[in-house]
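K.L.:
Can you look at this prediction? I've put the sequence above it.
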Amino acid sequence: MAAEAHSKSMTLSLIIKWGGQEFPLSALSEEDTVLDLKHSLKSLTGVLPERQKLLGLKYKGKPAENDVKLGVLKLKPNTKIMMMGTREESLEEMMAPPPENDDVINDFDIEEEVVEVENREENLAKISRRVKEYKVEILNPPREEKKLLVLDVDYTLFDHRSCAETGLELMRPYLHEFLTSAYEDYDIVIWSATSMKWIEAKMKVKPLGVIWGKYAEFYSKKNTIMFDDIGRNFLMNPQNGLKIRPFMKAHLNRDKDKELLKLSQYLKEIAKLEDLSDLNHKHWERYLSKKQGQQ
């Protein structure tokens, strides 16, 4: 009976997508576990099982644990599964300890001063550590072929200093419409310096390299744009930053501010581009006016 039951165990055929490549798997059976699958992927990709995240592999509405048998997942033949993870050897250099002198010169006080910080060794070391240590709260997994929009909160989406009876009164006009429209073309990350004390204290910037390091399969300089009311917050990634006009004194400007309405149109226009890295977001209004004039 045992031999008969074993013979009925079906072989599975799966396709794993990782790093822009597809890896077919056909040596697994329904009796194998998620951990067995990860070990097979380790042989193919070099990514350790503990560094792998398999998107869409769910059991009872939750991410499938390592001990779950593949058979109970009811996977169709040639099911495509997206894997996230980085090879150990790729991490080796970026995870190297930072220089002995861990102090960062506070040269960000003058916002418009041009400072070469993007490729400073000590800053890159800090980003590398942050890629390893920082835990992102994921509400929705990354979507294939979507660009990335990173948003500041204070004075970008909300006026956090003015007096009001409710938070809604401090919300920037057209925020809901803006987010709804942007989500059609962009995955959205909300990144506030107030909850990033380590970066705020050490670097005074929000390095997008942290996101690019953790989600290299999805996001890069070519498909990312960041909104912030403080220009120095994207000194590490100047080509990807758009300095938004700050939203202050909400009780006076609530009926006049149309920044998000116009920026929504700008995002829609540039979403058509394969590569955003050649854009100068400083001139976003000029770009938008030109495009609308051509329509």
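P.N.:
Thanks, I have the structure now.
K.L.:
Mind checking what helix or strand follows the helix-or-strand element of the chain with minimal mean pLDDT in sequence?
P.N.:
Least confident helix or strand, the chain: helix 197-202 with a mean of 36, by mean pLDDT, DSSP states H and E. Next helix or strand after helix 197-202 toward the C-terminus (DSSP states H and E): helix 209-214.
K.L.:
so what's the residue nearest the centre of the chain up against?
P.N.:
Nearest to the mean C-alpha position of the chain, by C-alpha atoms, centre = their mean, lies Ile211 at 4.9 Å. If you count contacts by C-beta atoms under 8 Å, 6 or more residues apart in numbering, Ile211 has them with Val136, Leu148, Val150, Val189, Tyr219, Thr224. Backbone N, C-alpha and C define where each C-beta goes, glycine included.
K.L.:
Pick out whichever of those sits closest to Gln52.
P.N.:
Nearest to Gln52 among the contacts of Ile211: Val136, at 16.2 Å, using C-beta to C-beta.
K.L.:
re the thing from before, tell me which of the contacts of Ile211 is nearest to Gly19?
P.N.:
Proximity of the contacts of Ile211 to Gly19 was ranked by C-beta to C-beta; the top entry is Tyr219 with 13.4 Å.
K.L.:
now the strands: where do they sit in the stretch 1-150 of the chain?
P.N.:
Using DSSP state E, counting those that start in this stretch, the strands of the stretch 1-150 of the chain run over 11-18, 21-29, 53-55, 58-59, 62-63, 79-84, 147-151.
K.L.:
Tabulate those strands (CSV), appending distance to Leu263 and mean neighbour count.
P.N.:
Compiled in CSV, these are given as follows (distance: least, C-beta to C-beta, whole Å; neighbours: other C-beta atoms under 10 Å):
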stretch, distance to Leu263, mean neighbour count
strand 11-18, 32, 17
strand 21-29, 35, 13
strand 53-55, 30, 16
strand 58-59, 35, 13
strand 62-63, 34, 11
strand 79-84, 29, 17
strand 147-151, 10, 22
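K.L.:
Put together TSV for the ones you listed, with distance to Asp257 and mean pLDDT on each row.
P.N.:
Output for the strands of the stretch 1-150 of the chain, formatted as TSV (distance: least, C-beta to C-beta, whole Å; pLDDT from 0 to 100):
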stretch	distance to Asp257	mean pLDDT
strand 11-18	42	89
strand 21-29	46	87
strand 53-55	37	87
strand 58-59	42	87
strand 62-63	41	86
strand 79-84	38	88
strand 147-151	16	94
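K.L.:
export the ones you listed to a markdown table and tack on distance to Asp159?
P.N.:
Converted to a markdown table, the strands of the stretch 1-150 of the chain look like this (distance: least, C-beta to C-beta, whole Å):
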| stretch | distance to Asp159 |
| --- | --- |
| strand 11-18 | 42 |
| strand 21-29 | 46 |
| strand 53-55 | 37 |
| strand 58-59 | 40 |
| strand 62-63 | 38 |
| strand 79-84 | 36 |
| strand 147-151 | 15 |
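K.L.:
Out of the ones you listed, which is closest to Lys243?
P.N.:
Lys243 lies closest, by C-beta to C-beta, to one member of the strands of the stretch 1-150 of the chain: strand 147-151, at 13.0 Å.
K.L.:
which residues are contacting the closest one?
P.N.:
Here strand 147-151 makes contact (C-beta under 8 Å, 6+ apart) with 157, 182, 185-191, 206, 208, 211, 218-219, 223-227, 267, 271, 276.
K.L.:
Kindly recompute the last result at 7 Å.
P.N.:
For strand 147-151, the external contacting residues (C-beta atoms under 7 Å, 6 or more residues apart in numbering) are 157, 182, 185-191, 208, 219, 223-227, 267, 271.
K.L.:
So in that sheet, which strands flank it, and in what orientation?
P.N.:
strand 186-190 (parallel), strand 224-228 (parallel) (DSSP bridges).
K.L.:
Using CSV, write out every CA atom in it.
P.N.:
What follows is strand 147-151, C-alpha atoms only, in CSV (Å, rounded to 0.1, in the frame of the first residue of the first chain):
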residue,chain,number,x,y,z
LYS,A,147,7.7,51.8,-11.5
LEU,A,148,8.4,53.0,-8.0
LEU,A,149,7.1,56.2,-6.3
VAL,A,150,8.6,57.1,-2.9
LEU,A,151,6.7,59.7,-0.9
